[in-house]
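> Model the structure of this input:
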Amino acid sequence: MHVSPKDPVERAARIGQPGAWRPAQLLVRRLMQPIDRFLAIQAASGIVLLIAAVAALAWANSPWSAAYSALWHTPIGVQVAGLRFERDLHFWINDGLMTIFFFVVGLEIRREIHQGELSDLRRAALPLVAALGGMLVPAAIFVALNHGQATARGWGIPMATDIAFAVGVLALLGPRVPPALRVLLLALAVIDDVGAILVIALFYSSGIQPVGFVVAAAGVATIVVMQGFGVRAPLAYVFPALVVWAGAYHAGIHPTLAGVAVGLLTPVRAWVGEAASPVDHLQRQFHATVAYGIMPLFALANAGVPLAGVSISGRGVALFAGIALGLVAGKTIGITGASWLAARIGFAALPRGVRLSGVLVVGLVGGIGFTMSLFVAGLAFPPGALLETAKLAVLVGSTTAAVGGLLLGRAVLPRELDHAAAQTAFAAETSTES
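Numbering: from 1, shown residues only. Purely as a prediction, here's the structure:
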């Protein structure tokens with residue numbers, strides 16, 4: 001059958017083939033390049049995260065468990081002039097280094113809003129609805145099991161998705177996973193991160209101090225003014241970023257949110273004479289460091305649950321069940337159910353080449369909470385039995401979701417993926433939107 005060169009869909013189908021329509025080819029490559037790079041790093045970092053988590057769990061339950069606990073309580077101080085600020089190593093990892101993690105999250109959110117899946121309401125409709133369902137249903141399951149108890153404060157724990165582990169599981173499924181499904185997971189996870197950030201800011205911050213907000217606002221204003229004057233050197237923004245962090249800390253807001261704020265302030269358009277925008281440049285600079293360094297270190301410091309201190313009885317039963325069921329069942333039902341409903345009423349449509357069975361796999365894989373869930377658990381409960389029980393529930397729930405997602409993907413996703421059809425669909429959308 002003759003292919004009309006005037007048909008953009010058919011022209012896009014020839015991408016990567018001799019004589020392919022060059023503008024569509026370049027457009028698709030340009031749009032997919034940062035996504036492919038992001039997903040590749042996340043998939044590989046999931047393995048490093050797994051190793052760190054297993055090492056932490058083994059260390060915390062070994063004859064050297066006392067050394068594990070003592071390490072994270074090592075005091076480390078910073079002194080400037082006559083001022084000294086001292087906290088333990090655990091604080092500097094969770095509240096210090098994780099600020100860089102949230103900074104990269106902020107960069108990714110900024111990029112997605114500017115030119116990614118969140119730049120257009122039509123394209124963002126499905127991941128937005130899916131993410132909301134994937135946050136509300138797990139929280140509802142947790143609240144139903146823990147209502148009226150002291151453990152109810154942990155309702156935000158099962159709402160999160162760990163993009164590194166989730167992408168890693170999809171990577172293990174290989175060519176069964178269409179590109180559109182991976183992009184859906186990425187967009188969903190970005191919105192999920194926004195939700196987690198709002199939950200932390202609104203519900204897991206306490207003792208609000210107005211002076212801290214003034215300090216943080218001064219730091220933000222300094223960054224904006226510096227950008228207005230065309231200051232390009234990234235190191236020049238370190239000091240005002242630290243001011244934002246200090247202001248957030250003293251305001252009673254979790255200081256890691258300062259990283260999100262600075263990330264969202266980063267310009268998405270390239271400076272004159274530069275090929276890459278500050279967002280793209282900084283994301284390339286920090287992404288690997290966060291994925292292979294900061295996140296595994298966080299896992300090593302937080303995944304070490306001493307099983308002897310876990311009590312899955314009394315209040316611990318509801319806490320454990322609320323988190324584990326929220327992650328596995330809640331995420332699956334919330335993401336899949338919301339997607340099905342949105343498609344049924346016509347509010348959103350599934351990407352071309354993606355069936356509801358594929359969304360079901362994404363929903364189950366979305367139940368891998370890990371990094372963000374452990375982070376919220378540390379905010380919800382003080383050190384003690386409840387915190388350790390919550391951490392164990394996160395590990396069990398996330399592991400179940402990962403294994404279940406892998407098995408389900410092998411069972412319901414086609415063994416051989418029609419790459420040409422998937423590429424045609426994506427290219428057709430991008431070419432009509434350009």
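> switch to C-alpha atoms for all contacts and neighbour counts from now on
Will do.
> ranges for the strands of the protein?
All strands of the chain, identified by DSSP state E, fall at 75-80, 83-88.
> what's the first one packed up against?
Just to be clear, that refers to strand 75-80. strand 83-88 (3 or more Cα pairs under 8 Å, 6 or more residues apart in numbering; DSSP states H and E).
> Specify the angle between the strand it packs on and strand 75-80 in degrees.
When axes from the mean of the first three to the mean of the last three Cα atoms, to 10 degrees is applied, the directions of strand 83-88 and strand 75-80 differ by 160 degrees.
> Tell me which strands strand 83-88 pairs with, and in which orientation.
Partners of strand 83-88 in the sheet, by DSSP bridges, are strand 75-80 (antiparallel).
> Report the contact partners of residue 185.
127, 167, 362, 366 (Cα atoms under 8 Å, 6 or more residues apart in numbering).
> what are the phi and psi angles of the residue nearest to residue 201 when sequence neighbours are not counted?
Nearest non-adjacent residue to residue 201, counting by Cα to Cα, 6 or more residues apart in numbering: residue 253, 6.1 Å away. Backbone torsions of residue 253, given as degrees, to the nearest 10, read phi -90, psi 140.
> so how far is residue 57 from residue 253?
From residue 253 across to residue 57, the span is 30 Å (Cα to Cα, to the nearest Å).
> now the helices: where do they sit in the stretch 101-250 of the chain?
In the stretch 101-250 of the chain, the segments counted as helices under DSSP state H, counting those that start in this stretch are 121-146, 163-172, 179-203, 210-228, 238-251.
> Next one: residue 291, what pLDDT does it get?
Predicted confidence (pLDDT) for residue 291: 87.
> Surely it touches residue 50?
No: Residue 291 lies out of contact with residue 50 (Cα atoms under 8 Å); the separation is 12.0 Å.
> Give me the more crowded residue out of these two.
Using other Cα atoms under 10 Å as the criterion, residue 291 and residue 50 rank with residue 291 on top: 22 against 17.
> mind showing which ranges of the stretch 151-300 of the chain have poor pLDDT?
Within the stretch 151-300 of the chain, the stretches with pLDDT under 70 are 273.
> oh, I was asking about the stretch 301-434 of the chain
Scanning the stretch 301-434 of the chain residue by residue, the ranges that satisfy pLDDT under 70 are 416-434.
> rewinding a little: now render the strands of the chain as CSV, adding mean pLDDT and mean neighbour count.
CSV is the format used below for the strands of the chain (pLDDT from 0 to 100; neighbours: other Cα atoms under 10 Å):
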stretch, mean pLDDT, mean neighbour count
strand 75-80, 85, 10
strand 83-88, 86, 11
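> Put together JSON lines for those, with distance to residue 232 on each row.
Formatted as JSON lines, the strands of the chain follow (distance: least, Cα to Cα, whole Å):
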{"stretch": "strand 75-80", "distance to residue 232": "26"}
{"stretch": "strand 83-88", "distance to residue 232": "30"}
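> so which of those gets nearest residue 213?
strand 83-88 (19.4 Å; Cα to Cα).
> Identify the residues contacting the closest one?
Outside strand 83-88, the residues within contact range by Cα under 8 Å, 6+ apart are 72-79.
> chain center to it: distance?
30 Å (Cα atoms, centre = their mean, to the nearest Å).
> Next up, phi/psi of the spatially closest residue to residue 389 that is not a sequence neighbour, please.
Using Cα to Cα, 6+ apart and skipping residues adjacent in sequence, the residue nearest residue 389 is residue 310, 5.1 Å away. Torsion angles at residue 310 (phi, psi; degrees, to the nearest 10) stand at phi -90, psi 130.
> Show the contacting residues for residue 222.
residue 240.
> Pick the one among the contacts of residue 185 closest to residue 282.
Nearest member of the contacts of residue 185 to residue 282, counting by Cα to Cα, is residue 167, at 21.6 Å.
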